[in-house]
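sequence first, then the predicted structure:
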Number of protein chains: 2
Amino acid sequence: MSAPFAEAEFRARLARLQQGLQASGAGALLLSTDAELRYVAGFLTRFWESPTRPWFLLVPAMGAPVAVIPSIGRALMADTWIEDIRCWRAPDMADDGVSLLLATICELVPEGGTLALPEGLGTTLRMPFADLRRLEAGLAAEGRGLTGDGQLLERLRMIKSPAEVALIREACAIASRAFDRVPEIAAEGVPLARVFRDFQALCLAEGADWVPYLAGASAPGGYADVISPADDRPLARGDVLMLDTGLIRRGYFCDFDRNFSVGAPSAEVARAHETLIEAAQAAFAIARPGATAADLFHAMDRVCTGGAGGSAAGRLGHGLGLQLTEQPSLIPDDHTVLAPGMVLTLEPGIEVSPGRIMVHEENIVIGEACTEWLTKPAVGQMICL
Amino acid sequence: MSAPFAEAEFRARLARLQQGLQASGAGALLLSTDAELRYVAGFLTRFWESPTRPWFLLVPAMGAPVAVIPSIGRALMADTWIEDIRCWRAPDMADDGVSLLLATICELVPEGGTLALPEGLGTTLRMPFADLRRLEAGLAAEGRGLTGDGQLLERLRMIKSPAEVALIREACAIASRAFDRVPEIAAEGVPLARVFRDFQALCLAEGADWVPYLAGASAPGGYADVISPADDRPLARGDVLMLDTGLIRRGYFCDFDRNFSVGAPSAEVARAHETLIEAAQAAFAIARPGATAADLFHAMDRVCTGGAGGSAAGRLGHGLGLQLTEQPSLIPDDHTVLAPGMVLTLEPGIEVSPGRIMVHEENIVIGEACTEWLTKPAVGQMICL
């Protein structure tokens, strides 16, 4: 599959990364995850579902990135703009790429220099722990240090280019159309598991490449949590049905949900839904360059709880793009200043009754002049099934 | 969603893990990934798609497992058989669960004792690198060491219980039915991306809960690689269409592919396909308790290359179950002895012409008396579209 962007998009990303690396003094940045390799190389595959093989991309402070990957991925990587591709035949029980990686690092990072790893709450180093130990020992023996990237990569990824926003907008439009069609597939008596299956099929029919995320519930007067898979219980009158999806279009996510009432909603549920919509609108109204992630949290929290400080969900929204969730987090402690190109979810939650919650979610993009909905925003009155 | 097994299944897994921990002398095992938490706790969610929050489960050498998780997951974890659930409100920018995890470890592992981490080629520790450093420093300060689990978890997971085999069998049956219906959706002129979408919808219609993995290609006389997503190129006469899927049924995977010819296959393609089927049959014929993973590799490699030693793919099959790929690997260096309950893919590959390959894949289960196909095995003659 050809990259969804011109090479200039990737070169601009590389230039910003290298500017950051040079400012920090790190010799190179080591990337190892799906989203990281997609961001720099445009390498798009679902093969990450297999945990077996590690994949590495080294971004030197100057010069071209180097892929250090299993040979099964050479052809696909050669389709990207990356030219320096070094492979080993994985899985190798004696040395699964560690020596090749170490030798490449030593080529890119001078003796006495440091290798940076991405850091931040959404990062991880995708390799076996024992191999990490070997890498650390090898770097120490070769006189190279290990350091964090000061959240450089997370900061850069927060700002989406117009081409990225266009793809997220497309993903949101696909899911908006699928949500509009929920009354075709969901009604009293239909098992929730069947609604989940049919909703994923609707997402595909409307243009999703695949559907990595679907969670939700159908329960009387609200639900206990927002991360569950479906059970086989049939939808019943008085249920609130919630579907929360993250579908992929050309490597980019949407992430939002919709609530439906099976039959007419109770007064409490109707009021809760109206409050959630009001909360999202309150955050939208102040979401502009200069406001902070915490400001959006407080705008929603005031509407939902009167300012009690949130709930067990932990945050009332977040960034998204190459991943279902990215930085920033809409929490009191995140003072990230909003800037044009940031794509965010607004995700207020409310307790309808003890142990019964409702959560609503929209996606927006911060612009220079005005902020836009990427989703077709829900209205206060619930759709009844 | 209720666990797909009785609690006894999980208690038996715990007993085997604790037996191994006691034999090794480790005080507890730290788990952090989707498959690991599903194996011990039965905790099933697609929320792992969000990279933001770490999740931990501690298995002490004696006593009950302890979940150390974000509060957003408390309700779902409380639905499993795990009773000791400790939560923090994640994301927490100052301390994202590390203190709570450390305190819990110190409760379970006596001073001077060690905490084990899963090791092996398919393992990783899913937490930010900086938090791992904090954990290491905290453990050292508290007089606890860190060690590998000697691949204990990977070894145990290789042997599936009858209940697990039943679910994998169901996943394979669903995909077999979807593959039988490919002629309904694929024909000359249909863009590959549309075939991919419609095939995923077929998998859902036939009973998949979701479709985490689909890769493949359609190209003249074979394809360049086996891990690519779809492009928009229409299927053309002379193409080999390959679809490789890993779909989920109640938390368990299948993983196999099928090749189709658009129009009649060339003599080379037809012969290659027959050879691949012959190779899978050759491995099937010797796949019984006592044979090794390497034996299966060589049986297939002899048929495909005359014994040249394999290809860039690196292996000719692997375990599967809770994940798309698990141990063992069908490679010359993996001398794992096959045992009843092992579920494997047989995945021979062949080079049809320079740069053009074909790969075929089936799933089997090793039994006491006989080995069974879990897939509806393909025949030598290709299906023409």
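On my side now, so go ahead.

need the pLDDT of the residue lying farthest from the centre of chain A.
Distance to the chain centre peaks in chain A at residue A:141, reaching 36.8 Å (criterion: Cα atoms, centre = their mean). On pLDDT, residue A:141 comes in at 98.

again with the one 10 residues further on
In the prediction, the pLDDT value recorded for residue A:151 is 97.

repeat for the one 3 residues further on
At residue A:154 the predicted local confidence, pLDDT, stands at 97.

helices of chain A, start to end?
Taking DSSP state H as the criterion, chain A carries its helices at A:7-24, A:34-41, A:74-78, A:98-108, A:129-141, A:152-158, A:162-180, A:182-185, A:192-205, A:267-286, A:293-305.

returning to that earlier point: the residue farthest from the centre of chain A and residue A:102, how far apart?
9 Å (Cβ to Cβ, to the nearest Å). All C-beta atoms are positioned from the backbone trio N, CA, C, and that covers glycine.

what's the neighbour count on residue A:155?
Neighbour count of residue A:155, defined by other Cβ atoms under 10 Å in any protein chain shown: 16.

residues touching it, list them.
Residues in contact with residue A:155, defined by Cβ atoms under 8 Å, 6 or more residues apart in numbering or on different chains, are residue A:327.

so which residues on the stretch 201-350 of chain A come close to chain B?
Proximity of the stretch 201-350 of chain A to chain B, by Cβ under 8 Å from any Cβ of the partner chain, involves residues A:201, A:204-205, A:207-215, A:224-231, A:246, A:310, A:312-315, A:318, A:323-325, A:329, A:331, A:333-334.

how close does the residue farthest from the centre of chain A get to chain B?
20 Å (Cβ to the nearest Cβ, to the nearest Å).

kindly report the same for residue A:259.
Applying Cβ to the nearest Cβ to residue A:259 and chain B gives a distance of 17 Å.

verify the stated contact: that residue with residue A:352.
No. If you go by Cβ atoms under 8 Å, residue A:259 and residue A:352 don't touch, sitting 10.7 Å apart.

bridged to the closest residue to residue A:221 other than its chain neighbours, which residues?
Leaving aside its sequence neighbours, residue A:221 sits nearest to residue A:356 (Cβ to Cβ, 6 or more residues apart in numbering or on different chains; 5.3 Å). Beta-bridge partners of residue A:356, counted by DSSP bridges, are residue A:353.

who touches residue A:356 in this structure?
Shown in contact with residue A:356 (Cβ under 8 Å, 6+ apart): A:219, A:221, A:222, A:223, A:224.

residue A:255 too?
Going by Cβ under 8 Å, 6+ apart, residue A:255 touches A:213, A:244, A:245, A:246, A:320, A:324, A:325, A:345, A:361, A:363.

same thing but at 7 Å, please
For residue A:255, the contacting residues are A:246, A:320, A:324, A:325, A:345, A:361, A:363, by Cβ atoms under 7 Å, 6 or more residues apart in numbering or on different chains.

roughly how far does it sit from residue B:174?
From residue A:255 to residue B:174 the distance is 27 Å (Cβ to Cβ).

now residue A:192
Distance, residue A:192 to residue B:174, using Cβ to Cβ: 19 Å.

where does pLDDT dip in chain A?
Applying pLDDT under 70 to chain A picks out residues A:1-3.

hmm, residue A:297 and residue A:332 touching each other?
Yes. Using Cβ atoms under 7 Å, residue A:332 makes contact with residue A:297 at a distance of 5.9 Å.

these two: which is more packed in?
Neighbours were counted for residue A:332 and for residue A:297 using other Cβ under 10 Å; residue A:297 has more, 24 against 16.

go ahead and confirm that one touches residue A:329.
No. Using Cβ under 7 Å, residue A:297 is not in contact with residue A:329; the gap is 8.5 Å.

show me how chain A divides into domains.
Annotated domains of chain A cover A:7-156, A:159-384 [automatic domain parsing].

distance to residue B:276 added to these, as TSV?
Output for the domains of chain A, formatted as TSV (distance: least, Cβ to Cβ, whole Å):
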stretch	distance to residue B:276
domain A:7-156	17
domain A:159-384	27
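
among these, which comes closest to residue B:251?
domain A:159-384 (8.6 Å; Cβ to Cβ).

so how far does the closest one reach from one end to the other?
37 Å (Cα to Cα, to the nearest Å).

and that domain, how far from the chain's centre?
Here domain A:159-384 is found 13 Å from its chain centre; the criterion is Cα atoms, centre = their mean, to the nearest Å.

same thing with stretch A:69-84?
Stretch A:69-84 has its C-alpha centroid displaced from the chain centroid by 24 Å (Cα atoms, centre = their mean).

which members of the contacts of residue A:255 are positioned in strands?
A:246, A:345, A:363 (DSSP state E).

which residues does the closest residue to the second one other than its chain neighbours contact?
Computed as Cβ to Cβ, 6+ apart, the closest residue to residue A:345 that is not its neighbour in sequence is residue A:317, at 4.5 Å. Contacts were defined as Cβ under 7 Å, 6+ apart; by that measure residue A:317 touches A:296, A:330, A:344, A:345, A:346, A:347.

report how many residues lie close to the fifth one.
One way to gauge burial is a neighbour count; for residue A:346, by other Cβ under 10 Å, it gives 29.

also the last one?
Around residue A:347 sit 27 other residues, with neighbours defined as other Cβ under 10 Å.

for the nearest residue to residue A:67 once chain neighbours are set aside, give its distance to residue A:131.
Nearest residue to residue A:67, sequence neighbours excluded (Cβ to Cβ, 6+ apart): residue A:85, at 4.6 Å. For residue A:85, the distance to residue A:131 equals 20 Å [Cβ to Cβ].
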